[in-house]
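please find the sequence and the predicted model below.
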Amino acid sequence: LETPRIAFSAALFNDGYCGPFNTPTTLVFSNTFINLGNSYNPSTGIFTAFVKGTYYFSFTVFLNSNSKMFTSLMKNKDRVVSVWDNYSPDSNDSGSNTAIVQLEVGDNVYVKLYEERQIYDDGTGYTSFCGFLLFPS
């Protein structure tokens, strides 16, 4: 039995700041480098599992102001891992996090930017999101 080929990698490529918003917001990584299996939707920022299995996800966020940054990798409505940064004197901060999760068919994975928080990208791909199927179950 052949393993399904599911992998995606995308960057925010927003031209400037994203946020702050009044409510938590799903980040839309619209510049897709690869989207094997079409499980990632570049219009919504949401990965949907079409195959039950164990998946790897990673995301990186960047902020170049004295604002606050707080993002989380979400599985459905549950926070998996997060990246946080508060005011700092250097004003250039980047953070990454990674998780391996078990997904059922129909589960959604996405990156959430929390209310009153901000991130940045200028077309260089500072802020990105990727994932792939390790093995089906």
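Structure received.

ok, the closest residue in space to N35 that isn't next to it in sequence - how many residues close by?
Using C-beta to C-beta, 6 or more residues apart in numbering and skipping residues adjacent in sequence, the residue nearest N35 is F8, 4.6 Å away. C-beta here means a position set from N, CA and C on the backbone, and glycine is covered the same way. Neighbours of F8 under the rule other C-beta atoms under 10 Å: 22.

tell me the strands beside the strand or helix carrying F8, with direction?
Applying DSSP states H and E as the criterion places F8 in strand 7-11. Here strand 7-11 has these sheet partners by DSSP bridges: strand 31-36 (antiparallel), strand 128-136 (antiparallel).

neighbours of A10, how many?
Neighbours of A10 (other C-beta under 10 Å): 25.

my read: it touches N41, true?
No - in this structure A10 lies outside contact range of N41 using C-beta atoms under 8 Å: 10.0 Å.

and the pLDDT for S30?
S30 carries a pLDDT value of 94.

now it: how far from E104?
To E104, S30 is 27 Å away according to C-beta to C-beta, to the nearest Å.

more neighbours: those two, which one.
The neighbour comparison of S30 against E104 (other C-beta under 10 Å) goes to S30, with 14 against 11.

that one reaches N41, doesn't it?
No - counting by C-beta under 8 Å, N41 is not a contact partner of S30; they are 10.1 Å apart.

show the subsequent helix or strand relative to the helix or strand of the chain with the lowest mean pLDDT.
Ranked by mean pLDDT, DSSP states H and E, the weakest helix or strand in the chain is strand 16-18, scoring a mean of 88. Later in the chain than strand 16-18, the nearest helix or strand by DSSP H and E is strand 25-26.

what's in contact with that following strand?
Residues from elsewhere that reach strand 25-26, judged by C-beta atoms under 8 Å, 6 or more residues apart in numbering: G19, T44, G45, I46, Y110, V111, K112, L113, E115.

if we use 6 Å, what do you get?
With contact meaning C-beta atoms under 6 Å, 6 or more residues apart in numbering, strand 25-26 is reached by G45, Y110, K112, L113.

for the strand holding F8, give the mean pLDDT please.
So the average pLDDT for strand 7-11 ends up being 97.

distance check, G37 against N97.
Applying C-beta to C-beta, the value for G37 to N97 is 23 Å.
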